[in-house]
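Asks: Sequence and predicted structure are below.
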Amino acid sequence: AETAVLLIQELYAVERLARDKNLDPEQTKELRLEKSLPTYNLLGKWISSNMYKALPKSPIGIAFRYTIERWDELGHYMYDGRLQLDNNWVENAIRAIAVGRKNFLFAGSHEGAQRAAITFSFADQCKRHKVDAHQWLTHVFENIIDTKPSQYYNLLPQNFVAKNS
């Protein structure tokens, strides 16, 4: 497993470099294709060559099989600079929800809980994209009636640009 850990550390080093250089999504994609793709391919070859050496029900055997079954999907992040290598930011974002889980038992109904989850998701996206949630929500309420359903993605927090007043 040491080999896998070292290769994964190399992938994270590329992500750190992109962050440190404050690269835009297109530049991040190019950096990943240049630096991460060869490492990613090495990792895939290492897993493929070692997966049959492990017992299928051993922890490493299970990890190999799980990874190989999702290999193509795992690599999608390299082709879109907006995507992240992992979902740690999601885990951190929902930590407050996990901590307050008992309080949410009193959402009133399943639909109420779903609305609360949607609200928390939008609030977190505003925070993540450094968008003022009040300005964004005002913008959504002012524009949603004139927006075609196929264009709703334009109203998402990551696509919001505040107007200077």
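Replies: Structure received.

Asks: hey, let's count contacts and neighbours off CA atoms from now on
Replies: Will do.

Asks: what about residue 123, how many residues close to it?
Replies: Residues near residue 123, counting by other CA atoms under 10 Å, number 19.

Asks: Now do it, the pLDDT please.
Replies: Note on residue 123: pLDDT of 88.

Asks: Ok, residue 101 next?
Replies: 69.

Asks: likewise residue 106?
Replies: Residue 106 is assigned 69 on the pLDDT scale.

Asks: Same question for the one 5 residues further on.
Replies: Here, the pLDDT recorded for residue 111 equals 86.

Asks: try residue 69
Replies: pLDDT recorded at residue 69 is 95.

Asks: The one 4 residues further on now?
Replies: pLDDT for residue 73: 94.

Asks: Next SSE downstream of the one helix or strand it maps to?
Replies: According to DSSP states H and E, residue 73 maps onto helix 71-74. As assigned by DSSP H and E, the chain's next helix or strand after helix 71-74 is helix 88-99.

Asks: Check which helices and strands the helix or strand following that next one sits against.
Replies: Using DSSP H and E, the helix or strand that follows helix 88-99 in sequence is helix 110-128. Applying 3 or more CA pairs under 8 Å, 6 or more residues apart in numbering; DSSP states H and E, we find helix 110-128 packed against helix 133-143.

Asks: again, only this time at 10 Å
Replies: The contact analysis (3 or more CA pairs under 10 Å, 6 or more residues apart in numbering; DSSP states H and E) places helix 110-128 against helix 88-99, helix 133-143.

Asks: And that helix, what's buried?
Replies: Burial within helix 110-128, assessed by neighbour count using 16 or more other CA atoms under 10 Å, is assigned to 120, 122, 123, 124, 125, 126.

Asks: what's the pLDDT at the first one?
Replies: Residue 120 carries a pLDDT value of 83.

Asks: lowest average confidence, helix or strand, in the protein?
Replies: helix 88-99 (a mean of 76; mean pLDDT, DSSP states H and E).

Asks: neighbouring contacts of the host helix or strand of residue 40?
Replies: Assigned by DSSP H and E, residue 40 belongs to helix 37-50. Identification of contacts with helix 37-50 by CA atoms under 10 Å, 6 or more residues apart in numbering yields 1, 3-11, 31-33, 36, 51, 60-61, 63-65, 67-68, 71, 74-75, 78-79.

Asks: Check stretch 57-69 too.
Replies: So stretch 57-69 is in contact with 1, 44, 47-48, 50-56, 71, 73-74, going by CA under 10 Å, 6+ apart.
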